[in-house]
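Engineer: Okay, here's the prediction I keep looking at, along with the sequence it came from:
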Amino acid sequence: MAFENILCEVADGIATVTVNRPDKLNALNKATILELDQCFSSLADNTTARVVVLRGAGEKAFVAGADINELANMTAAEAESLATRGQRLMNRIENLGKPVVAAVGGFALGGGCELAMACSFRYAADNARLGLPETGLGLIPGFGGTQRLSRLVGRGRALELVLTGGMISATEAVEIGLVNKVFSQEDLMPAVLKIAAGLAGKSALTLRLALQAVNEGLNMNQDSGCRLEAALFGVCGSSEDAREGCDAFLAKRKPGFKDR
Ligand code: COA
């Protein structure tokens, strides 16, 4: 699929999606949000893409936020519609049914931080700067940031970041649980691709069920979440891949999963 603002390549089971507006620090204008939405929609059905890596073009930014040119002079209806479109993209990424790994180099601000938070997990380069600076613009985060940040790092830290609009370093982001691990700038993509290759070698069925258990479970109380987990364990426990995985372990060989 050809896009103007993003790149999408699939190789060896890994789809690499790059937000490609480096001159604007990869800011998310409406067209870019739409292209990302179309791209992730097609990746959901693309069985050759077993895992997705999301990154920004250039060394300076992952994504420096929603495009501020489009934020001035909005009516209430326009602003709500923008938030709805952004949230639809973030929800699509979160519920893709396959792992999406964010490779965060440079600025991940506002909508960029929200985009990274919608991913399954995040790795960052040592030059990363993360934050939700919307209050400085007279706005609040609108692409799910107020909800995902508090779930990732807790209410106090989320409120500190949302209210002050301050930026934190990659190391600070690891300390609060916003980012999983920091790499040097040159090591980030090789490390992320190595982890993605490991995920691509697993059963896509197993990963889908694990994502569903964690993501849907977070919207439930613990008892309901455990009932969901048992039901999903029933699905994967009786799968061909579970038989293959356990047989392979006992026979001391590598498993060959078939995603069923
Ligand atoms: N929307 C639109 N354009 C943006 C942008 C955004 N969110 N972030 C950066 N840009 C553009 C700049 O306007 C500039 O364009 P120009 O060269 O045509 O003037 C270009 O990207 C480079 O950014 P610049 O500000 O010159 O880089 P810097 O290194 O001095 O500062 C930042 C980097 C990230 C601190 C600064 O760009 C910034 O604060 N961006 C906005 C962050 C933000 O508030 N995001 C949340 C939006 S809801």
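Structural biologist: Now that the structure is in, tell me what you want to look at.
Engineer: Quick check: residues of this protein near the ligand?
Structural biologist: Applying C-beta under 6 Å from any ligand atom, we find that the chain lies next to the ligand at 24-25, 27, 64-69, 107, 109-111, 133-134, 137. For glycine as for every other residue, the C-beta is placed from the backbone atoms N, C-alpha and C.
Engineer: Tell me which of the residues you listed fall in strands.
Structural biologist: Members of these lying in strands (criterion: DSSP state E): Phe107, Leu109.
Engineer: those helices in the stretch 51-200 of the chain, which residues are they?
Structural biologist: Counting by DSSP state H, counting those that start in this stretch, residue ranges of the helices within the stretch 51-200 of the chain are 76-94, 111-118, 145-153, 155-164, 170-176, 185-200.
Engineer: out of the residues of the chain next to the ligand, which are buried?
Structural biologist: 24-25, 27, 64-67, 107, 109-111, 133-134 (16 or more other C-beta atoms under 10 Å).
Engineer: Show me where this structure dips below the pLDDT cut-off.
Structural biologist: Applying pLDDT under 70 to the chain flags the ranges 1.
Engineer: OK, contacts around Gly142?
Structural biologist: Ala66, Ala79, Leu82, Ala83, Gly86, Gln87, Glu134 (C-beta atoms under 8 Å, 6 or more residues apart in numbering).
Engineer: The same query, at a cut-off of 7 Å, please.
Structural biologist: Taking C-beta atoms under 7 Å, 6 or more residues apart in numbering as the criterion, Gly142 is in contact with Leu82, Ala83, Gly86.
Engineer: Which among those residues count as buried?
Structural biologist: Buried residues within those, defined by neighbour count using 16+ other C-beta under 10 Å: Leu82, Ala83, Gly86.
Engineer: Pick the one among the contacts of Gly142 closest to Leu54.
Structural biologist: Gly86 (14.9 Å; C-beta to C-beta).
Engineer: measure that closest one to Leu34 for me?
Structural biologist: Per C-beta to C-beta, to the nearest Å, Gly86 is found 11 Å from Leu34.
Engineer: looking at the helices of the stretch 51-200 of the chain, which is buried most?
Structural biologist: Greatest average neighbour count among the helices of the stretch 51-200 of the chain goes to helix 111-118 (a mean of 29), per mean count of other C-beta atoms under 10 Å.
Engineer: Go ahead and measure how far that helix is from the middle of the chain.
Structural biologist: 7 Å (C-alpha atoms, centre = their mean, to the nearest Å).
Engineer: cool, stretch 14-27 as well?
Structural biologist: Chain-centre distance of stretch 14-27: 14 Å, with C-alpha atoms, centre = their mean.
Engineer: Kindly format the C-alpha coordinates of it as CSV.
Structural biologist: Taking Å, rounded to 0.1, in the frame of the first residue of the first chain, the C-alpha atoms of stretch 14-27 are listed here in CSV:
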residue,chain,number,x,y,z
ILE,A,14,8.0,-8.2,11.0
ALA,A,15,6.1,-5.2,9.7
THR,A,16,8.0,-2.0,10.3
VAL,A,17,5.8,1.1,10.2
THR,A,18,7.6,4.5,10.1
VAL,A,19,6.0,7.8,10.6
ASN,A,20,7.8,9.7,7.9
ARG,A,21,7.5,13.5,8.3
PRO,A,22,11.0,14.2,9.7
ASP,A,23,10.9,17.9,8.8
LYS,A,24,7.9,18.3,11.1
LEU,A,25,9.3,15.9,13.7
ASN,A,26,6.8,13.3,12.5
ALA,A,27,3.8,15.4,13.8
